[in-house]
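Participant: here is a sequence together with a model predicted from it:
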Amino acid sequence: MDIKTASLTGGVATLSRHLIPGTQVQLRLQVGMRNLQATALMRDSRAQDMSFEIVDMSLEERSKYRRMLAGNLSNTPSAPETELAPAPVDSVVTQ
C-alpha cells in the first residue's frame with residue numbers, strides 16, 4: 001500500500017489488491033524512524049486507488065501523525081496541504 005495523499009482523517013492509497021469498501025484494516029505507517037499505528041476503513045475505489053478513513057488512533061499516535069504531516073508540509077512548500085510523498089504502509093486486513 002502506497003499512500004498518495006494523507007490528512008488527519010484519512011487519505012488515498014494505491015493498493016496491490018482490491019479491498020471491498022468498508023473493510024477494516026490496521027495501518028502501520030513507517031516514515032523514517034517514526035512508526036505509527038491506526039485502524040482505518042477502506043472507502044471508494046478509483047482505478048487502482050482506494051480512499052481510507054482513519055477511525056481509531058491513540059492520542060499519542062495522532063500527535064505524532066500530526067507532527068509528521070506538519071513537518072512534511074514545511075519541507076515541501078509547493079505541495080498541496082494534504083499531500084504526502086508516497087510512503088509504503090503495511091496493512092493487516094481484519095474482518
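Facilitator: Right, received. Where do you want to start? Just so we're clear, the structure is a prediction, and the values are computed from it rather than from any experiment.
Participant: wasn't R66 part of a strand?
Facilitator: No: going by DSSP: H, G, I helix; E, B strand; the rest coil, the assignment for R66 is helix, not a strand.
Participant: and it, what does it touch?
Facilitator: R66 sits next to L8 when contact means C-beta atoms under 8 Å, 6 or more residues apart in numbering. Heads up, the C-betas are built off the backbone N, CA and C, glycines and all.
Participant: next one: G10
Facilitator: 40, 43, 51-54.
Participant: isn't L41 right up against M50?
Facilitator: No: between L41 and M50 there is no contact under C-beta atoms under 8 Å: 10.5 Å.
Participant: more crowded one of the two?
Facilitator: More neighbours surround M50 than the other of L41 and M50, with 21 against 17 (other C-beta atoms under 10 Å).
Participant: can you tell me how far the more buried one sits from L36?
Facilitator: For M50, the distance to L36 equals 19 Å [C-beta to C-beta, to the nearest Å].
Participant: could you do Q24 as well?
Facilitator: 17 Å.
Participant: can you give me phi and psi for S7?
Facilitator: In terms of degrees, to the nearest 10, the main-chain angles of S7 are phi -140, psi -180.
Participant: thought M68 was touching it, still the case?
Facilitator: No: S7 is not in contact with M68 according to C-beta under 8 Å; the separation is 11.7 Å.
Participant: between the two, which one's more packed in?
Facilitator: Neighbour count, other C-beta under 10 Å: between S7 and M68, M68 has more, with 18 against 14.
Participant: residues touching that one, list them.
Facilitator: By C-beta under 8 Å, 6+ apart, the neighbours of M68 are 31, 34, 36.
Participant: make it 6 Å
Facilitator: V31 (C-beta atoms under 6 Å, 6 or more residues apart in numbering).
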